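Enquirer: The following block contains a protein sequence and its predicted model.
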Amino acid sequence: MSGNTPTTSISHSDAHRIFVRGADLVEELIGHLTFTEMFYFELTGRRPTRGQTALLDAVMVTLMEHGLTPSAIATRLIYHSAPENLQGAVAAGLLGVGSTFIGTMEGCAALLEEIRTAPEGMPARARAVAERHRQARQPVHGFGHPFHKPDDPRSVRLLALAAEHGLAGSHVQALHTLAQAVDAAYGRHLTINATGASAALLGEIGLPQPILRGVAVTSRAAGLVGHILEERSKPAARHIWHLVETGIPYEDEPDAP
């Protein structure tokens, strides 16, 4: 910033050229970087290594599709209501990326950072984090899944991929340390779910914790476009609406005391 004038380091252009992060869009980026590589470059200003690209790409593939979850249902219903507003339908679904679905990797990343940088060491802080959540009856972000038991196959693959590329560093170590502490505190095995593994991988490639939900939003947007395309050929929104109308009957409120 110069004086009180805000500045940007992302992009600028003139009549003949467009620059993104200092690189010529036409001559250096189009046809040279994939979407995943360009996404990393846009966020960090650095061209990713092969391993960094592989991990970011794997996370985005993992998070793209989750079936008829609330975000996809919202997108289909809004598209049914306003088919001329595709972007509005996608936006409606993206509002569901939060602390219950997908966005939990942001919370897990914060825990991993706390554990990774703890002066008393990872094991001691991991035990404290697990016990803190148990006593508060709060879920530990990145752990547990209603269907994938005893382990989430997506997480197994993601963590193996990090090891394959030599990128299983302190974030992955913090995740495994927390997993051991969580199992001990709760007296049973809680799987590392896909958002937990994703948080560790994105930390390993240098993406900051406050913007990790943005990775999920970017990936999920593509998945929701897929649901809109299917809604056009295999409509489900009216059926979902009918199920709600018939499945939730009207009931008079009891008289107030």
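Expert: Good, I have the coordinates.
Enquirer: For the stretch 151-257 of the chain, which residues score under the pLDDT cut-off?
Expert: By pLDDT under 70, the low-scoring segments of the stretch 151-257 of the chain are 256-257.
Enquirer: need the helices for it, in chain order.
Expert: Assigned by DSSP state H, counting those that start in this stretch, the helices in the stretch 151-257 of the chain fall at 153-164, 170-186, 194-204, 212-233, 237-247.
Enquirer: any idea how far Arg213 is from the closest residue to Gly206 other than its chain neighbours?
Expert: The shortest distance from Gly206 to any non-neighbouring residue, by CB to CB, 6 or more residues apart in numbering, is to Thr44 (6.5 Å). For glycine as for every other residue, the C-beta is placed from the backbone atoms N, C-alpha and C. Between Thr44 and Arg213 the distance is 17 Å, computed by CB to CB, to the nearest Å.
Enquirer: What of Val61?
Expert: For Val61, the distance to Arg213 equals 17 Å [CB to CB].
Enquirer: Over to Leu159?
Expert: Separation of Leu159 from Arg213 (CB to CB) stands at 21 Å.
Enquirer: returning to what we had before: give me the more crowded residue out of Val61 and Arg213.
Expert: Per other CB atoms under 10 Å, whichever of Val61 and Arg213 has more neighbours is Arg213, with 20 against 14.
Enquirer: which residues does that one contact?
Expert: By CB atoms under 8 Å, 6 or more residues apart in numbering, Arg213 lies in contact with 97, 102-103, 105-106.
Enquirer: Val225 now?
Expert: Going by CB under 8 Å, 6+ apart, the list of residues near Val225 reads 86, 90.
Enquirer: if we can go back for a sec, any idea how many residues pack against the residue nearest to Gly206?
Expert: Per other CB under 10 Å, the neighbour tally for Thr44 reads 15.
Enquirer: right, and it touches Ile211 too?
Expert: No. Using CB atoms under 8 Å, Thr44 is not in contact with Ile211; the gap is 10.3 Å.
Enquirer: list the residues that contact both of those two?
Expert: Contacts common to Thr44 and Ile211, judged by CB under 8 Å, 6+ apart, are absent.
Enquirer: how about the residue nearest to Gly144 when sequence neighbours are not counted, what does it touch?
Expert: Nearest residue to Gly144, sequence neighbours excluded (CB to CB, 6+ apart): Leu190, at 4.8 Å. By CB under 8 Å, 6+ apart, the residues touching Leu190 are 140, 143-144, 179, 182-183.
Enquirer: Thr218 now?
Expert: With CB under 8 Å, 6+ apart, Thr218 has these contacts: 39, 60.
Enquirer: Could you do Leu68 as well?
Expert: Contacts of Leu68 (CB under 8 Å, 6+ apart): Ala236.
Enquirer: For it, give its distance to Leu77.
Expert: For Leu68, the distance to Leu77 - CB to CB - is 11 Å.
Enquirer: could you pull out the strands for this structure?
Expert: Ranges of strands within the chain are 11-13, 18-20, 23-24, based on DSSP state E.
Enquirer: Redo these as CSV? Include mean neighbour count, distance to Arg238 and mean pLDDT.
Expert: Shown next, in CSV, are these (neighbours: other CB atoms under 10 Å; distance: least, CB to CB, whole Å; pLDDT from 0 to 100):
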stretch, mean neighbour count, distance to Arg238, mean pLDDT
strand 11-13, 11, 43, 96
strand 18-20, 16, 43, 97
strand 23-24, 15, 47, 97
